[in-house]
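Colleague: Predicted model and sequence follow; I will ask about them next.
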Amino acid sequence: MSHAHIHFSDSKYTTNFLEPAVANKAYKNLQQEIQYVPRQNLTFTIYGKTFPLPRDKAFYGDVDADGSYPLYRYGGKDYPPVQQWTPTLQKLRDLIHEKTGHFCNHVVVNKYVNGNDHIGLHKDKTRDFVNDAAVCTLSFGGTRILRLKHDQTGVNKDFDLEHNSLFILGSETNANYKHSIVKTSQDCDIRVSLTFRNIATRADRQGKVL
Ligand SMILES: O=C(O)CCC(=O)C(=O)O
Ligand SMILES: [Fe+2]
């Protein structure tokens, strides 16, 4: 299996990250295992108008025996609780650690059901991150464009995030660029992305910051 590696700033894009059979099996398993938060429950507000989030999300990670969990405050104010890893998510977390050295204790799963689903330009909020930790994004399903836009120059850099690819977003890149998954009017398959992070903040089982 041949990999393409593209380096950009302190980020890295790798195609064919897993053995194809492993990736395909994982994607199939995830379709059974992941319980998404309904997008109607994850609204966002602009200019006083409230909209459902244009994608589905789910939150998993290292939940301790006492019910405490890594808390990633990505914006907004209410955060759904983090569920214990499913077997497939935990295996993928372990594979990323083994193959890249990046340890992660938390994942946000994003499901883009069609080309209208997207995520607007943003930076990942890093206040809860373990120092300078990267974000490791594993993509499954339809190819979608990840666009990085430089804060000062406004110059865009696009990556086609293919099925079974890994994009490692470095902390410098996140500091200097915004990123988005752009809308498309072209036909595209459902895409599921797993955004793995290493989170220092913990919440108790009621969601209170510890
Ligand atoms: O789906 C992706 O690849 C990116 C998602 C993202 O940027 C985020 O959840 O912060
Ligand atoms: Fe992001």
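Modeller: Done, it's in. Numbering: from 1, shown residues only. Ligands and ions are numbered 1, 2, ... in the order given.
Colleague: Is Gln90 in a helix, a strand, or coil?
Modeller: Under DSSP: H, G, I helix; E, B strand; the rest coil, Gln90 falls in the helix class.
Colleague: And the one 3 residues further on, by the same measure?
Modeller: Secondary structure of Arg93, reduced to three states by three-state DSSP: helix.
Colleague: Tell me the residue of this protein that sits nearest ligand 1?
Modeller: As assessed by Cβ to the nearest ligand atom, ligand 1 sits closest to Ser193 within the chain, at 3.3 Å. Backbone N, C-alpha and C define where each C-beta goes, glycine included.
Colleague: residues near that residue, how many?
Modeller: By other Cβ atoms under 10 Å, 23 other residues sit near Ser193.
Colleague: what about the closest residue to it other than its chain neighbours, which helix or strand?
Modeller: Nearest in space to Ser193, with sequence neighbours left out and distances taken as Cβ to Cβ, 6 or more residues apart in numbering, is Asn110 at 4.7 Å. Taking DSSP states H and E as the definition, Asn110 sits inside strand 106-112.
Colleague: what about stretch 163-177, near ligand 1?
Modeller: No. Shown here: stretch 163-177 not in contact with ligand 1 (Cβ under 6 Å from any ligand atom), separated by at least 6.8 Å.
Colleague: Check what contacts stretch 63-73 and list those residues.
Modeller: Contact with stretch 63-73 is made by 59, 61-62, 79, 81-85, 105-106, 108, 125, 127-128, 197, 199-205, 207, 209-210, as judged by Cβ atoms under 8 Å, 6 or more residues apart in numbering.
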